[in-house]
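**Q** okay, sequence plus prediction incoming.
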Amino acid sequence: MKILIKPIGGQSPISWLLQIGLLALIWAVYKKTLPRDTTTILIAGALIIAIYLSFAVTKKFAERDSGDSAARR
């Protein structure tokens, strides 16, 4: 589980996957394979909220990890 939260390129892999999912949703709406309706907007909103939550978890993990390394010195 720790590998999913550890930042790679400044973001956790979960954040990267959620952003790719949001881009896939946007692309599907653009190509008209998904309708532009309330359900699609709610899915996009849920993905955006999940992305921000993953940013918060990554930041919390990074702060905790930097505190642990400072205590080891």
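**A** Ah, there it is.
**Q** look up how far T58 lies from P35.
**A** To T58, P35 is 33 Å away according to Cβ to Cβ, to the nearest Å. Bear in mind the C-beta positions are built from the backbone N, C-alpha and C, glycine included.
**Q** out of these two, which sits in the more crowded spot?
**A** Neighbour count, other Cβ atoms under 10 Å: between P35 and T58, T58 has more, with 21 against 10.
**Q** which residues does that one contact?
**A** I5, P7, Q11, S12, S15 (Cβ atoms under 8 Å, 6 or more residues apart in numbering).
**Q** could you pull up the mean pLDDT of the one helix or strand the last one maps to?
**A** In this assignment (DSSP states H and E), S15 forms part of helix 13-30. Per-residue confidence for helix 13-30 averages out to 95 on the pLDDT scale.
**Q** and the next element down the chain from it?
**A** For helix 13-30, the following helix or strand on the C-terminal side (DSSP H and E) is helix 38-72.
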